[in-house]
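Q: Okay, structure incoming, though there's no sequence with it:
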């Protein structure tokens, strides 16, 4: 025969209910925090991607017009526009070849490390 006062049992029930409510709220807050974190990282990745795309576009136009200008200038100096453009296109071919040769050892790791660093930034 245990003599539990009637108030003690209801007090334990109230505390258990409060505890389960608090745990539920805590889990809900963790879910919201994870959702906000994922949204923030996705928006940062999108912003970086858009900025990078714009910069690449500007760089391509800059290289295009610089190549045309240098080709024209070399053509004037060499008295052969064809030779000027051939020299510039040869330079760009060498640059493409170098890029293809070093892409796996330098370029891919650089891009991968930059993306990983950006994703794990706080």
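A: Yep, it's here. Keep in mind that this is a model prediction, so the values were computed, not measured.

Q: Enumerate residues external to the lowest-mean-pLDDT helix or strand in the chain that contact any of its residues.
A: Every helix and strand in the chain was compared by mean pLDDT, DSSP states H and E; the lowest is helix 108-119, with a mean of 82. Residues external to helix 108-119 that are found in contact with it (Cβ atoms under 8 Å, 6 or more residues apart in numbering): 41, 44, 45, 48. (Each C-beta comes from the backbone N, C-alpha and C, glycine too.)

Q: Those residues in helices, which ones?
A: 41, 44, 45, 48 (DSSP state H).

Q: The last one - nearest residue in space that isn't next to it in sequence?
A: Leaving aside its chain neighbours, residue 48 sits nearest to residue 118 (6.1 Å; criterion: Cβ to Cβ, 6 or more residues apart in numbering).

Q: same question, residue 75
A: residue 84 (3.0 Å).
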